[in-house]
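Engineer: What would the 3D arrangement of this be:
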Amino acid sequence: MRQTNPMRAMLAWGLTVSVLMLMSTGCGSKASEYKPSTPDTGGGVDLPDTATGTSGAVDAAGSTTQTDAGAATTDSSGGGGATDSSSSGSSKDAGVGDAAAADTGPISSNICKKPSDCKAFPGTPYCAVLDGYCVQCITDLHCSKSTGNCENYKCVDVSCKPGSTDCKNGFVAVCQADGKTWDYKTCPDNYPYCFNGKCALCQPKTTFCAPPAKGQNQSKSVLKCNETGSDADFVMACAGSTLCIAGKCQLCTPGLQKCEGYKAMRCKNDGSGWEVKDDCGAKDLACLGGLCVDPCGSDFKSNTAVGCDYWAVDLDNAQVPCGPKLCDAQNMQYSLIVSNTKAKPATVTVTTGAGKSAKFQVPGKGLQVINLPGPALGGQPLNLDGTGISTNAYRVQSNVPIVVYQFNPLQNYEVFSNDASLLLPANALGKEYYIMSRQQNFNNLRGYLTVVATAAGTTNVTVKPTCKTLPGKGVPGLNPGQTHKVTLLQGEVLNIETNAIGADLTGTWVQADRAVAVFGGSEGSNVPDTNKCVIPPGLNQGTCASQGWPCTSNSDCPVTCCADHLEEQLIPVSSWGTQYVGSKLKPRGQEKDAWRVLASVDGTQITTDPPQGVIPVLNKGQFFEFESKSDFVMTANHPVMVGQFMASSNAPNPNNDQCNTKFSGTKVCGYHLKDLGEPVMCTKNADCPNIKEKTDAKIGDPAFILSIATDRYLDEYVVLVPDKYKESYINIMGPANAQVLVDNLPVNAASWSLFSGGKWKALRMPLKPGKHLVKASAAVGLIVYGYDNYVSYGFPGGMAIK
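Structural biologist: So this is what the prediction gives:
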């Protein structure tokens, strides 16, 4: 079917000038744009009789200059025959590679196959690859110091008929009155090609792709240009999943390469589909850009939590009195779990901040527990305690790709406070972060942020906290919004902790001039935060949000017992996502999980499906917390970070005892004395313990699990479930049609819970201690967690980093 003016209108906005690459270099003002009259049917837009604009050639940015200015590459936009013009050359002296020469004789006697072959020939420094000879020039740009005009690979003088036109390097060239210079005009967007000295709609007799239909990214229609370039005919619509690529219906661009997992793929020569070029995984190599590369090479940039270089930190943990002894999670055994992703054994080197190192062997596709400190490294624990700068970090390097988790501590025996983190490889780190943590509820259990300098040399770090912080060695106490800058050497650790009950580092901004590893968490926090004192404006006294007691600060209000250590290595802002799936942890009672969503861009809007209440619009550094017993999908209009927090054992409510009884003249908590026979001394209600209820969670305590955006999901995970926890689980979240194997066994379809209109599903599955393998037919999310008596852990099973 003939397409006339409607086709022109459709093409007007979709076609681009083929010489954009020319105009992207150099500097100068923009070349004058020629405004055509209505095109005739003779093959293009005529120029006016009298040309306007500055005479001369066009430099690399498209500006008009005198005849010694450079022009662009040889015209690749079709057409190029001059109208009423001719050229002849005369010899001229010039610089190297820019000498004028007579337009006679052979191209050159120097043979070449690539540009570097001509570097040894000053007179002919450029390689005309298709002809196989070294030449004086290929484009007018190579003649910018002499004639400004390259013809037949030689710099020659311009000689043309005044007023005549030609196509040069995609521009319409108008011969000036002196017959020795050209004035270059840019064709408009609706007629972007030059043909026979005129602006044309398209390249004559060629097929090309129509602009994409509204709402589509790529075209599905093939067009053919007529003989004059003034119009185009519709040829065909691309069927099925084929697209219009380079004027043909194809599945892919011939020769294009990509990676599918560990396989290097190449588009077939006819564009009919992809074929395996190389199986990188079979060679213990990674795939990058369609090529097999050394996954631990310095030039490899992984896009998952799999890597070869990590930084681990024994983060600050709790030390609190337990009757006559000290409950010391701070100095319990800190451990790394290393998972080898390859069949080849891995040699893992762990180096302390003091430079002491030890090597560990991890079997192919196996796991290895590395205790730090341990027999191989010896020494005292390199744990953090309070605000300050130290060298208390471990660098973990491997000769093959691994995944690393840290447990603080690993086992729960005689431990009351622990958690775990998935570590990110050095090449997945960033320069900008926002902290996620929780509020400080007790004087001796503080929230923290931890920054590790990972680059060689010095790293400058800026921190802007959201709350009052504790001073320490080399670091002053900070007020909310105060900016502090510090310079760290590679391997040095900056640790900053809160300094007031109710202080919360969530939303604190961290920026560095080089990549850093950043952690957020707490020595011990409670979930949910029920100790909120609500004080009306202008008053000094308020009411506790839970249980309604009079209060002057949060310390007067009931805390839901008990606190537990929290930690996660945080994801840089550059790798945040816009869609997350929230999956309820295995219910223990009537407790809810707490969710925090944190923004880095003003005007961030967030929705949930099914709805989890109204989430306000957030600005950068702001967060919102809500509680939920459901599975849901969260979507934001800007990237966000999302954290899931396991509830305390006595959740959902504190149900706090009250300080309303005396025993031997001393104030004590009423229920504990009367019903339990335990005289618990107190001075106010908040000093009393919770009273247990049937609806309590009863087991476990808070843990921090960083949520992974859905486009960062993986289709395979290898994880370790630690020993000595009463209950351990995995949650798997994915699209409803995903088929999942756990330890090579299919998951029972009845075990899944569907949500979000049946588009997503989630699974909560108990697992025994040890190594476990999860494989899926589509990318899914995975978290690992466990409960015991007032203790818990949790971490994401892995992620892609984008």
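
Engineer: May I have the helix or strand where residue 265 lies as CSV, with CA atoms only?
Structural biologist: Take DSSP states H and E as the rule and residue 265 turns out to sit in strand 263-267. Extracted in CSV, the C-alpha atoms of strand 263-267 (Å, rounded to 0.1, in the frame of the first residue of the first chain):
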residue,chain,number,x,y,z
LYS,A,263,27.0,-19.1,28.5
ALA,A,264,28.3,-16.7,25.9
MET,A,265,25.7,-16.3,23.2
ARG,A,266,25.9,-14.8,19.6
CYS,A,267,23.1,-13.7,17.3
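
Engineer: Not counting its neighbours along the chain, what's nearest residue 481?
Structural biologist: Spatial nearest neighbour of residue 481, chain neighbours left out: residue 464 (6.6 Å); criterion: CB to CB, 6 or more residues apart in numbering. (C-beta placed from N, C-alpha, C; glycine too.)

Engineer: That should have said residue 579, apologies.
Structural biologist: If you skip the residues right next to it in sequence, residue 579 has residue 710 as its closest partner in space, 4.7 Å away by CB to CB, 6+ apart.

Engineer: Isn't that neighbour up against residue 583?
Structural biologist: No: contact criterion CB atoms under 8 Å: residue 710 and residue 583 do not qualify, at 11.7 Å.

Engineer: Can you give me the domain assignment for the chain?
Structural biologist: 257-293, 307-526+561-566, 528-560, 576-649+699-796 (automatic domain parsing).

Engineer: before we move on, back to that, so how far is the strand holding residue 265 from its chain's centroid?
Structural biologist: Computed by CA atoms, centre = their mean, to the nearest Å, the separation of strand 263-267 from the middle of its chain amounts to 24 Å.

Engineer: pLDDT averaged over the next helix or strand after that strand, what's the number?
Structural biologist: On the C-terminal side of strand 263-267, the closest following helix or strand by DSSP H and E is strand 274-279. Averaged over strand 274-279, pLDDT sits at 92.

Engineer: and if you look at stretch 558-577?
Structural biologist: 94.

Engineer: Let me see the contact set for residue 426.
Structural biologist: 307, 309-311, 454, 515, 517 (CB atoms under 8 Å, 6 or more residues apart in numbering).

Engineer: Quick check on residue 710 and residue 583: which one has the bigger neighbour count.
Structural biologist: Here residue 710 and residue 583 are compared on neighbour count by other CB atoms under 10 Å; more neighbours surround residue 583, at 25 against 21.

Engineer: now that one: how far from residue 624?
Structural biologist: Relative to residue 624, residue 583 is positioned 19 Å away (CB to CB, to the nearest Å).

Engineer: Residue 116 - that's part of a helix, no?
Structural biologist: Yes: using DSSP: H, G, I helix; E, B strand; the rest coil, the secondary structure at residue 116 is a helix.

Engineer: contacting residues for it?
Structural biologist: With the criterion set at CB under 8 Å, 6+ apart, residue 116 makes contact with residue 127.

Engineer: Okay, it and residue 537: tell me how far apart.
Structural biologist: Residue 116 sits 75 Å away from residue 537, taking CB to CB as the criterion.

Engineer: Hmm, residue 208 and residue 248 touching each other?
Structural biologist: No: with contact taken as CB under 8 Å, residue 248 and residue 208 are classed as non-touching, separated by 9.9 Å.

Engineer: where do the contact lists of the two overlap?
Structural biologist: Taking CB under 8 Å, 6+ apart as the criterion, residue 248 and residue 208 both touch residue 222.

Engineer: what ranges do the strands span in the stretch 651-800 of the chain?
Structural biologist: Under the criterion DSSP state E, counting those that start in this stretch, strands of the stretch 651-800 of the chain are mapped to 661-663, 666-668, 704-706, 714-721, 727-735, 740-742, 745-746, 753-755, 760-766, 770-788, 791-796.

Engineer: tell me what the third one is packed against?
Structural biologist: I take that to be strand 704-706. Under the contact definition 3 or more CB pairs under 8 Å, 6 or more residues apart in numbering; DSSP states H and E, strand 704-706 sits against strand 564-569, strand 632-645, strand 791-796.

Engineer: Relative to residue 751, which of those is closest?
Structural biologist: Shortest separation from residue 751 across these is recorded for strand 632-645, at 18.9 Å, computed as CB to CB.

Engineer: what angle sits between the closest one and strand 727-735?
Structural biologist: Angle of strand 632-645 versus strand 727-735, following axes from the mean of the first three to the mean of the last three CA atoms, to 10 degrees, is 150 degrees.

Engineer: Just the buried positions in strand 632-645, please.
Structural biologist: Within strand 632-645, the residues scored as buried using 16 or more other CB atoms under 10 Å are 632-634, 636, 638-645.

Engineer: what's the angle from that strand to strand 760-766?
Structural biologist: 40 degrees.

Engineer: what about strand 632-645, distance to the chain center?
Structural biologist: Strand 632-645 has its C-alpha centroid displaced from the chain centroid by 15 Å (CA atoms, centre = their mean).

Engineer: Which neighbours in the sheet does that strand have, and how are they oriented?
Structural biologist: Sheet pairing here is set by DSSP bridges, and for strand 632-645 it gives strand 577-582 (antiparallel), strand 593-599 (antiparallel), strand 606-609 (antiparallel), strand 704-706 (antiparallel).

Engineer: what stretches of this structure score poorly on pLDDT?
Structural biologist: Regions of the chain meeting the criterion pLDDT under 70 cover residues 1-107, 297-304, 320-331, 409-418, 801-802.

Engineer: what residue is smack in the middle of it?
Structural biologist: The structure's the chain has its C-alpha centroid closest to residue 575; by CA atoms, centre = their mean the separation is 2.5 Å.

Engineer: surely that residue meets residue 430?
Structural biologist: Yes: at 6.7 Å, residue 575 counts as touching residue 430 under the criterion of CB under 8 Å.

Engineer: Reformat the buried residues of strand 632-645 as TSV; add distance to residue 282.
Structural biologist: Written out in TSV, the entries for these read as follows (distance: CB to CB, whole Å):
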residue	distance to residue 282
632	40
633	37
634	39
636	40
638	41
639	36
640	39
641	37
642	37
643	38
644	37
645	42
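
Engineer: Just the closest of the residues you listed to residue 771, please.
Structural biologist: Within these, the smallest distance to residue 771 is 24.0 Å, found for residue 644 (CB to CB).

Engineer: Not counting sequence-adjacent ones, nearest residue to the closest one?
Structural biologist: Counting by CB to CB, 6+ apart, the nearest residue to residue 644 once its immediate chain neighbours are dropped is residue 705, at 4.5 Å.

Engineer: For residue 632, see how far away the one you found is.
Structural biologist: 15 Å.

Engineer: And residue 249, by the same measure?
Structural biologist: For residue 249 relative to residue 632 (CB to CB), the value is 41 Å.

Engineer: just residue 622 next, same as before
Structural biologist: For residue 622, the distance to residue 632 (CB to CB) stands at 21 Å.

Engineer: again, but for residue 277
Structural biologist: The gap separating residue 277 from residue 632 is 41 Å, by CB to CB.

Engineer: same check, this time on residue 288
Structural biologist: Where residue 632 is concerned, residue 288 sits at a distance of 35 Å (CB to CB).

Engineer: Show the contacting residues for residue 794.
Structural biologist: Going by CB under 8 Å, 6+ apart, the list of residues near residue 794 reads 419-420, 585, 644, 646, 703-705, 783-786.

Engineer: Tell me the bridge partners for it.
Structural biologist: According to DSSP bridges, the residues that bridge with residue 794 are residue 785.

Engineer: Can you tell me how far it is from residue 538?
Structural biologist: Going from residue 794 to residue 538 by CB to CB gives 42 Å.

Engineer: How about residue 386?
Structural biologist: Using CB to CB, one obtains 37 Å as the distance from residue 386 to residue 538.

Engineer: Which one of those two is surrounded by more residues?
Structural biologist: Higher neighbour count among residue 386 and residue 538: residue 386, with 16 against 5, using other CB under 10 Å.

Engineer: Dihedrals phi and psi, the more buried one?
Structural biologist: phi 80, psi 180 (degrees, to the nearest 10).
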